[in-house]
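Student: Turn this into a model:
(one chain, ligands or ions: 2)
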Amino acid sequence: MSSRPSAASTTSSRHIPPLEVSPSTGRFITLEGGEGVGKSTNVAFVVAELEAHGIEVVRTREPGGSERAEAIRRLLLDPAPAEALSDDAELLLMFAARAQHLAATIRPALERGAWVVCDRFTDATFAYQGGGRGLPLADITTLEALVQKGLQPDLTLLLDMPVEAARGRLAARRAETGEGADRIEQEAEQFFEAVRVGYHQRRDADPERFATINADQSLAEVQAEIAGVLSARIAAWQAGETA
Ligand SMILES: Nc1ncnc2c1ncn2[C@@H]1O[C@H](COP(=O)(O)OP(=O)(O)OP(=O)(O)O)[C@@H](O)[C@H]1O
Ligand SMILES: Cc1cn([C@H]2C[C@H](O)[C@@H](COP(=O)(O)O)O2)c(=O)[nH]c1=O
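Tutor: Ligands and ions are numbered 1, 2, ... in the order given. Here you go, the predicted structure:
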């Protein structure tokens, strides 16, 4: 476990008020949204904000987040597979990767009191395999219960913006880095519109856990919104712990 400097000893505490976080209270925060909305950029921001308050943070992602789960990620996202991947196999591989990720990374971190910040989790399965592919939500709910055994994120930041604008950002990133589109990113715009609707349905079914962030604004504005949500949620958790 990394050391926990006191909140008072940190210098970049401009967004979140000083915290006295109990080491035994691990929290699980996920960032969700369609392709190119800024999840990776803002995962880094959330991690930096928490670490600035002396919190041990494990940054992770799905699919992936442990050695074997990353191997499954490669299978899932291979842009030119020798054999087409069936929708059912895709769904089951997402949950196989998640089961391993939970066992190897997420549960051990939470059990030792670390906070986990994860780039995508099961809401992505509801949005992509449920909304995008049209697989039955009841099947996803069954797998969710089997694999998570009741564990849910404490907070999910849904970065939301129109699909076309986000694809523009992605195109700019690809032009800059030279990276190609993975197997799922190669889907048509209609697929990603259905993914966005899938996320909205998840959010509407669990408004307590979700906070919607308007991702279609400058990075500074997005991060101010995220900082505000984090600050409020952390204060509420702290109040609950000391009550
Ligand atoms: N608010 C913003 N305004 C303008 N550009 C942004 C903003 N947020 C992120 N970007 C840029 O948009 C691109 C996509 O951002 P990022 O890689 O964080 O998205 P992502 O949601 O993680 O993408 P993916 O779906 O591929 O995982 C990057 O080049 C990033 O620098
Ligand atoms: C967890 C999860 C992810 N996906 C999709 C969403 C993306 O297209 C890729 C992951 O790539 P990223 O660059 O890390 O965002 O996988 C999915 O379809 N279902 C899921 O459960």
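Student: can you tell me how far Val97 sits from Val47?
Tutor: For residue 97 the amino acid is Ala, not Val. Distance of Ala97 to Val47, given as CB to CB, to the nearest Å: 21 Å. Backbone N, C-alpha and C define where each C-beta goes, glycine included.
Student: I meant to write Ala89 there.
Tutor: Counting by CB to CB, the gap from Ala89 to Val47 is 32 Å.
Student: Which one's more surrounded, the two?
Tutor: It is Val47, of Ala89 and Val47, that has more neighbours when counted by other CB atoms under 10 Å, with 17 against 14.
Student: Any chance of the backbone angles for the more buried one?
Tutor: phi -60, psi -50 (degrees, to the nearest 10).
Student: Output the contacting helices and strands for the helix or strand that contains Gly228.
Tutor: Using DSSP states H and E, Gly228 sits in helix 219-242. Packed against helix 219-242, as judged by 3 or more CB pairs under 8 Å, 6 or more residues apart in numbering; DSSP states H and E, are the following elements: helix 39-51, strand 155-160, strand 210-214.
Student: Which among those is found nearest to ligand 1?
Tutor: Proximity to ligand 1, assessed across the helices and strands packed on helix 219-242 by CB to the nearest ligand atom, is greatest for helix 39-51 (3.3 Å).
Student: Neighbouring strands - and their directions - for the helix or strand encompassing Val116?
Tutor: Assessed by DSSP H and E, Val116 sits inside strand 115-119. If you go by DSSP bridges, strand 115-119 pairs up with strand 28-32 (parallel), strand 57-61 (parallel).
Student: how far out from the middle of the chain is the helix or strand following the last one?
Tutor: Using DSSP H and E, the helix or strand that follows strand 57-61 in sequence is helix 67-77. Mean-position distance between helix 67-77 and its chain equals 17 Å (CA atoms, centre = their mean, to the nearest Å).
Student: Contact residues of the protein facing ligand 2?
Tutor: Residues of the chain lying near ligand 2 by CB under 6 Å from any ligand atom: Glu35, Arg61, Glu62, Pro63, Met94, Arg120, Ala124, Thr125, Tyr128, Gln129, Ile184, Glu185.
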